[in-house]
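>>> with the input below, show me the fold.
(one chain, ligands or ions: 1)
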Amino acid sequence: METSNLSSDEIKKEIRKLVEAYYDTTFKNREIRLGKDLIQPSGKKFDAEELKLLVEASLDGWWTEGRFTKKFEKKLSDFLQVKHAITVNSGSSANLLALTALTSPRLGERRIQRGDEVIGVAACFPTTVNPVIQIGCVPVLLDIDKETYNVKADLLEKAIGPKTKAIFLAHTLGNPYNLQRVVETARKHNLWLIEDCCDALGSRYENKLVGTFGDIATFSFYPAHQITMGEGGAVITNNDLLVQEIRSFRDWGRDCWCMPGCQNTCGKRFQWQLGQLPFGYDHKYIYSNIGYNLKITDMQAALGLAQLEKLPFFIEKRKENFSLLGQGLSKFNQYLQLPRAAEQADPCWFGFLLSVKENCHFTREQLTQYLNDKGIGTRLLFSGNVTKQPYFEGVTYRVVGALENTDYVMNNTFWIGVHPSITLEHISYIVQCFEEFFETPKTKN
Ligand SMILES: Cc1ncc(COP(=O)(O)O)c(C=O)c1O
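Predicted coordinates for the structure are as follows:
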């Protein structure tokens, strides 16, 4: 195509058309062939819009946090009805930032210091617990309930000691925990509450979106999650002081809060005197925290924006797939423990959790191997019992009660997909495969 006489806008228009054509020929009609391709336990769903916005962000030539990031943060905070949404480069970074922000000296008495304790569960994704270790604190790990896979809430009171400063819990696979009890306990003991909502965007408790109950919440936008940026995440809060600290730790620890490309947002860029620096030292280069750089690019935000448009559909589809799988698999409840939500909860599930019941004539591994052979992908509940992971050797932690159900889950639990690319036909096939497995005689090996 001859482009030398076209304006930038006209070329952009052509590019958009080409991207759309590329999507149509390359991705549009891709289908999972039953028994041949793997029905992945998780995965992204996108159309030409994601590719168009991604290209548009690259054509801006800006690339770092910019107009798409601003729009994304606004849209996400509107969706969640919170004051602040701060983008980061992963859910793990979001968790690290959420907890690290609470170490800020600006929080006075309530700041978290080395040697303090943070309550969590042992059946977790590792990067929900790792930040506790990374900031020099002690994880206090509790057992979970066998049907909801969430913290046994009555253990919380028993776990609280003089050094406890925070509760940091994930809504397991999108299933909201007993927020009424958790929030009540946190308030009663003046503890910070961080909700790890990495798997739970769109889940509700008492009709309110999760992430809006605690002091800070985190999200992941890795492709497995409710929406994706490729890699990405967000930290949200309603607290004006915390948002400053979160941004500071995210952006090298700096004191200045100018957006990239901006200057003198504070109106006194050359009139600060902090630390032992001379008066007037450029605020852009004053650091009040030991920070990181965990920012995203504007291309990631562009992807995220296109995905946010589809979020209501994604939420409904996940719920529908969960419900259909539940209906199909309930007839096997002599073998399988099906997942349960708390009474007040309306989860946007990340996956469909199943546990092989005690004294079955087969093992979890026999079942997951069979399903994988049939093209049905499975995953375990993350780290199982995190204290048994190789990296936990040498870590200082405390356990309250026995991790009985956590061990059970480590040995017997797995999950399959409910993501929006899974169709009714896939679900019928999945149920049929389970049926075939149970009909085939086997001995435990
Ligand atoms: C509960 C939970 N927290 C944190 C993370 C980390 O997110 P990311 O992979 O974006 O670092 C995950 C990842 O899936 C997760 O499931």
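
>>> can you tell me what sits against the helix or strand hosting residue 409?
Assigned by DSSP states H and E, residue 409 belongs to helix 404-412. For helix 404-412, the surrounding residues in contact (CB atoms under 8 Å, 6 or more residues apart in numbering) are 121-123, 143-146, 149, 152, 355-358, 364, 381, 384-385, 388. Yep, even glycine has a C-beta here, placed from its N, CA and C like the rest.

>>> so which of these belong to helices?
The helices, defined by DSSP state H, take in residue 364 from the contacts of helix 404-412.

>>> now, of the contacts of helix 404-412, which are buried?
121-123, 143-146, 149, 152, 355-356, 364, 381, 384-385 (16 or more other CB atoms under 10 Å).

>>> ok, back up a step: out of the contacts of helix 404-412, who's near the ligand?
Applying CB under 6 Å from any ligand atom to these, one finds that nothing falls near the ligand.

>>> and the helix holding residue 409, average pLDDT?
When pLDDT is averaged along helix 404-412, the result is 98.

>>> can you tell me how far residue 368 is from the ligand?
Look at residue 368 and the ligand: by CB to the nearest ligand atom, to the nearest Å, they are 19 Å apart.

>>> could I get the phi/psi values of that residue?
Main-chain torsions, residue 368, degrees, to the nearest 10: phi -70, psi -30.

>>> can you check residue 429 too?
phi -60, psi -40.

>>> strands along the stretch 1-150 of the chain, start to end?
For the stretch 1-150 of the chain, the strands defined by DSSP state E, counting those that start in this stretch occupy 84-88, 117-121, 138-142.

>>> all helices of the stretch 1-150 of the chain, in order?
Secondary structure of the stretch 1-150 of the chain by DSSP state H, counting those that start in this stretch: the helices cover 8-23, 48-59, 67-80, 91-101, 126-134.

>>> pull the second one out as PDB, backbone CA atoms only.
It stands for helix 48-59. Provided in PDB are the C-alpha atoms of helix 48-59 (Å, rounded to 0.1, in the frame of the first residue of the first chain):
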ATOM      1  CA  ALA A  48      -9.600  -7.300  17.800                       C
ATOM      2  CA  GLU A  49     -10.200  -4.500  20.300                       C
ATOM      3  CA  GLU A  50      -7.400  -5.600  22.600                       C
ATOM      4  CA  LEU A  51      -5.000  -5.700  19.600                       C
ATOM      5  CA  LYS A  52      -6.100  -2.400  18.300                       C
ATOM      6  CA  LEU A  53      -5.600  -0.600  21.600                       C
ATOM      7  CA  LEU A  54      -2.300  -2.300  22.100                       C
ATOM      8  CA  VAL A  55      -1.100  -1.100  18.800                       C
ATOM      9  CA  GLU A  56      -2.500   2.400  19.300                       C
ATOM     10  CA  ALA A  57      -0.600   2.700  22.600                       C
ATOM     11  CA  SER A  58       2.600   1.600  20.900                       C
ATOM     12  CA  LEU A  59       2.000   4.200  18.100                       C
END
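
>>> one step back: out of the buried ones among the contacts of helix 404-412, what pair is the most spread apart?
Spatial extent of these (CB to CB) is set by the pair 152 and 364 at 22.3 Å.
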